[in-house]
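Engineer: Pasting the sequence and the predicted model now:
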Amino acid sequence: MYRILTLFLFMTIGVVQANNNKNIDYDKDRALILYQQNCASCHGEDRLGLIGPPLIPASFKRLKPQAAALVIKNGRLATQMPSFTKTLNDDDIQQLVQFIFKKPATPPTWTMADIKKTHKIHFPQGSLGDKPVFTADMQNLFVVVELADHHVTVLDGDKFEPITRFKTHNALHGGPKYSSDGRYVYFASRDGWITKYDLYNLKTIAEIRVGINTRNVAVSADNRYVMAGNTLPHTAVLLDAQDLSPVKLINVEDQQGQSSRVSAVYTATPRNSFILALKDIPEVWEIPYVDKGDQKAFSIERLALDNYLDDFFFSQNYRYIIGAARPKGERKIQGGQVIDLQKKKKVTDIEIPGMPHLSSGITWNYKNTRVMAIPNIKDGSITIIDMKDWSKIKTLKTLGPGFFMRSHSRSPYAWVDVFFGPHKEAVHIIDKQKLEIVETLRPAPGKTAAHVEFTKDGKYALLSIWDKDGALVVYDANSLKEVKRLAMKKPSGKYNVYNKTHLDEGTSH
């Protein structure tokens, strides 16, 4: 959810005014105070990232100081980066820019030795029982991430009542991932911690810190491995899923030695492999976790691209990955690209306005074809694509840029929020066969409504009021009437065990 600072900085549009280039006398002590007062709560006292990304030169790549000054001053639409124009003057901003472009006294690294030192096993294998300690449909549980105070609520999806609530590491990110039976759930935090939690016993099993800033985590289909992708350092870390002990540290770099942040890592379930998107190298990596013919487990297969891949999701059969493509050459807009994992190459580009949020794309059957629908976080529209020939069927205009789009295989509707802008309270309901917005809900006027997830049978939809004094709102997914409302602390994602483990077409995998 928190877009990496370097992503929106290199995309900043506008003319840099002359006063952004002026030289000022750098005052280290003043800059440090300004940073501590305005930046440290999101980016960390050590500049190595918390809910925001690291603010050190090693993480900037394409970032220029002038662009950094503009974003500090004006903020950035479609991110959590606020404007400081009312609290900082131009000299203050220039002090901060110089401060964050100074290299740390000690270059940040996170080696295998560092990883191993953080490993904690709270309950060894076999020390806990194999039956749930409470009564509920274990396949219809939700884990709800509450960002305001860094907690997770385990929710009964039949009664819509909390079962337990527990503290997590700061800023969980990338969505929790389940073991195939739904017993265990794995969390990744922005600051690099991976946690294994037992839903049967409501206990944290193990935890380990795999990096300084982590993008997300994936679990192998055979439940043997967990892989985490980092943005700092530029590594991927393979863990034993049983107790999170480290198995392998992979330096993410091309064959010429250029390193890259990991944009995302997911499991390609039928292929028994992890797929990695790389932010700074035009490649996709496939890493099998079982032997595949002449390709050994954990070997790296590189798929060369003609553009960088930031964000992606799988087709329902896992043959294709559909990802975001940055503007390049004469092409001035963000678009999409389709990569055929079977043919091991990119097969086409998709023209999509704005900035598509492809990891929130969903698919469904429409007439005689399968379509995918994609929200974007810059333009107020939904793009609907025919997956047979990758042509655009329709563009639906919305009240503003949206972040999350969700549905269920048994539901006639797709839900999409209007996360950014003045209409953030709105949620559009789209008829999947008419391809039209048929209803707009406003569950909490003035507050952001976001991220829908369905119960396992698709009968109810759960929506977040994304506020410190927020709520989880339960709707009848057919009548669209509110059923229940539970107070929560800035609930973000909510993840249903059955839908995630059975790879329902209406949710992220």
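Structural biologist: Yes, it's here.
Engineer: Next, name the residue at the spatial heart of the protein.
Structural biologist: Among the residues of the chain, the one closest to the centroid is G174, at 3.6 Å (CA atoms, centre = their mean).
Engineer: N317 versus that one, what's the distance?
Structural biologist: 23 Å (CB to CB, to the nearest Å). The C-beta positions use only the backbone N, C-alpha and C, and glycine is treated the same way.
Engineer: Next up, the contacts around T269.
Structural biologist: Residues in contact with T269 (CB atoms under 8 Å, 6 or more residues apart in numbering) are A221, Y318, L503, H509.
Engineer: Now name the helix or strand holding the second one.
Structural biologist: No secondary structure element spans Y318, as it lies outside all helices and strands (assigned by DSSP states H and E).
Engineer: Point out where the protein drops to low pLDDT.
Structural biologist: 1-23, 61-62, 77-79, 326-334, 354-355 (pLDDT under 70).
Engineer: now the helices: where do they sit in it?
Structural biologist: Residue ranges of the helices in the chain, as given by DSSP state H, are 5-10, 28-38, 40-43, 65-74, 90-100, 112-118, 497-501.
Engineer: Show me what the fifth one is packed against.
Structural biologist: Right, helix 90-100. With contacts defined as 3 or more CB pairs under 8 Å, 6 or more residues apart in numbering; DSSP states H and E, the packing partners of helix 90-100 are helix 28-38, helix 65-74.
Engineer: which of these is buried the deepest?
Structural biologist: Most buried of the helices and strands packed on helix 90-100 by mean neighbour count (mean count of other CB atoms under 10 Å) is helix 65-74; its value is a mean of 20.
Engineer: Please name the nearest non-neighbouring residue to D91.
Structural biologist: In this structure, D91 finds its nearest non-sequential neighbour in I24, 5.9 Å apart by CB to CB, 6 or more residues apart in numbering.
Engineer: picking up where we left off before, contacts only, for the residue nearest to the centre of the chain.
Structural biologist: Taking CB under 8 Å, 6+ apart as the contact definition, G174 lies against A188, T214, R215, N216, V217, A264.
Engineer: again, 7 Å this time
Structural biologist: Each residue near G174 by CB atoms under 7 Å, 6 or more residues apart in numbering is listed here: A188, R215, N216, V217.
Engineer: And the first one, how close does it get to E301?
Structural biologist: To tie it back to what came earlier, the one meant is A188. 24 Å.
Engineer: Of these two, give the one with the bigger neighbour count.
Structural biologist: Between A188 and E301, A188 has the larger neighbour count (other CB atoms under 10 Å), namely 29 against 15.
Engineer: Now do the closest residue to the more buried one other than its chain neighbours against D379, distance only.
Structural biologist: In this structure, A188 finds its nearest non-sequential neighbour in V217, 4.0 Å apart by CB to CB, 6+ apart. Relative to D379, V217 is positioned 30 Å away (criterion: CB to CB).
Engineer: neighbour-wise, which of the two wins?
Structural biologist: V217 (26 against 22).
Engineer: If that one is in a bridge, with which residues?
Structural biologist: In this structure, V217 bridges to A228 when assessed by DSSP bridges.
Engineer: Surely it and Y186 touch.
Structural biologist: Yes: with contacts defined as CB atoms under 7 Å, V217 counts as touching Y186 at a distance of 5.6 Å.
Engineer: and for these two, which residues touch both?
Structural biologist: Common neighbours of V217 and Y186 (CB under 7 Å, 6+ apart) are K177, I194, V226.
Engineer: Buried ones among those residues?
Structural biologist: Using 16 or more other CB atoms under 10 Å as the burial test, these include K177, I194, V226 as buried.
Engineer: Next, the contact list for the first one, please.
Structural biologist: Under the criterion of CB under 7 Å, 6+ apart, the contact partners of K177 comprise Y186, V217, A218, V219.
Engineer: Equivalent analysis for V338, please.
Structural biologist: Contacts for V338 were tallied using CB under 7 Å, 6+ apart; they are Y320, I322, K346, V347, T348, I350, W390.
Engineer: mind checking how far it is from I352?
Structural biologist: In terms of CB to CB, V338 sits 12 Å off from I352.
Engineer: ok, P65 touching Q95?
Structural biologist: No: using CB under 7 Å, P65 is not in contact with Q95; the gap is 11.8 Å.
Engineer: OK, contacts around the residue nearest to K167 when sequence neighbours are not counted?
Structural biologist: Once flanking residues are discounted, K167 sits nearest to H151: 5.7 Å by CB to CB, 6+ apart. Contacts here follow CB under 7 Å, 6+ apart; on that basis H151 touches R165, F166, K167, T168, K489.
Engineer: in the sheet, who's paired with the second one?
Structural biologist: Partner residues in beta bridges with F166: V152, with DSSP bridges as the criterion.
Engineer: was I right about it contacting T153?
Structural biologist: No: in this structure, F166 is not within contact of T153 by CB under 7 Å, at 8.4 Å.
Engineer: More neighbours: which of the two?
Structural biologist: Legend: neighbour count by other CB under 10 Å for F166 and T153, higher for T153 (20 against 13).
Engineer: can I assume the more buried one is in contact with F160?
Structural biologist: No: with contact defined as CB under 7 Å, T153 and F160 do not form a contacting pair (11.2 Å).
Engineer: how far away is the residue lying closest to L503 once chain neighbours are set aside from F160?
Structural biologist: Leaving aside its sequence neighbours, L503 sits nearest to H509 (CB to CB, 6+ apart; 5.3 Å). Distance from H509 to F160, counting by CB to CB: 25 Å.
Engineer: Please say which of those two ends up with more neighbours.
Structural biologist: H509 (20 against 17).
Engineer: Who are the contact partners of that one?
Structural biologist: H509 touches Y266, F314, L503, counting by CB under 7 Å, 6+ apart.
Engineer: Who wins on neighbours among these?
Structural biologist: Result: Y266 is most packed of the contacts of H509 (other CB under 10 Å), 27 neighbours.
Engineer: List the residues that contact it.
Structural biologist: With CB under 7 Å, 6+ apart, Y266 has these contacts: A218, I275, H509.
Engineer: which one of those sits closest to D137?
Structural biologist: Nearest to D137 among these is H509, at 21.4 Å by CB to CB.
Engineer: For the closest one, give its distance to W466.
Structural biologist: H509 is 23 Å from W466, where distance means CB to CB.
Engineer: swap in Y475?
Structural biologist: Y475 is 16 Å from W466, by CB to CB.
Engineer: again with G157
Structural biologist: The value you get for G157 to W466, if CB to CB is used, is 20 Å.
Engineer: And K279, by the same measure?
Structural biologist: 26 Å.
Engineer: Number of residues surrounding E161?
Structural biologist: Using other CB under 10 Å, E161 has 11 neighbouring residues.
Engineer: Grab the nearest non-local neighbour of it.
Structural biologist: L155 (7.2 Å).
Engineer: ok, now which ones touch that neighbour?
Structural biologist: Residues in contact with L155 (CB under 7 Å, 6+ apart) are L141, F142, V144, P162, I163.
Engineer: do the same with I281
Structural biologist: D254, Q258, S260.
Engineer: tell me which of those is nearest to K248?
Structural biologist: S260 (17.6 Å).
Engineer: May I see the buried residues of stretch 35-49?
Structural biologist: Applying 16+ other CB under 10 Å to stretch 35-49 flags Y35, N38, C39, A40, C42, H43, G44, R47, L48, G49 as buried.
Engineer: so how far does it reach from one end to the other?
Structural biologist: Start-to-end span of stretch 35-49 (CA to CA, to the nearest Å) is 13 Å.
Engineer: Could you do stretch 413-430 as well?
Structural biologist: 5 Å.
Engineer: got a list of contacts for it?
Structural biologist: With CB under 7 Å, 6+ apart, stretch 413-430 has contacts from 77-78, 362, 373, 375, 377, 382, 396, 398-407, 431-432, 436-442, 444-452, 461, 463, 477, 480.
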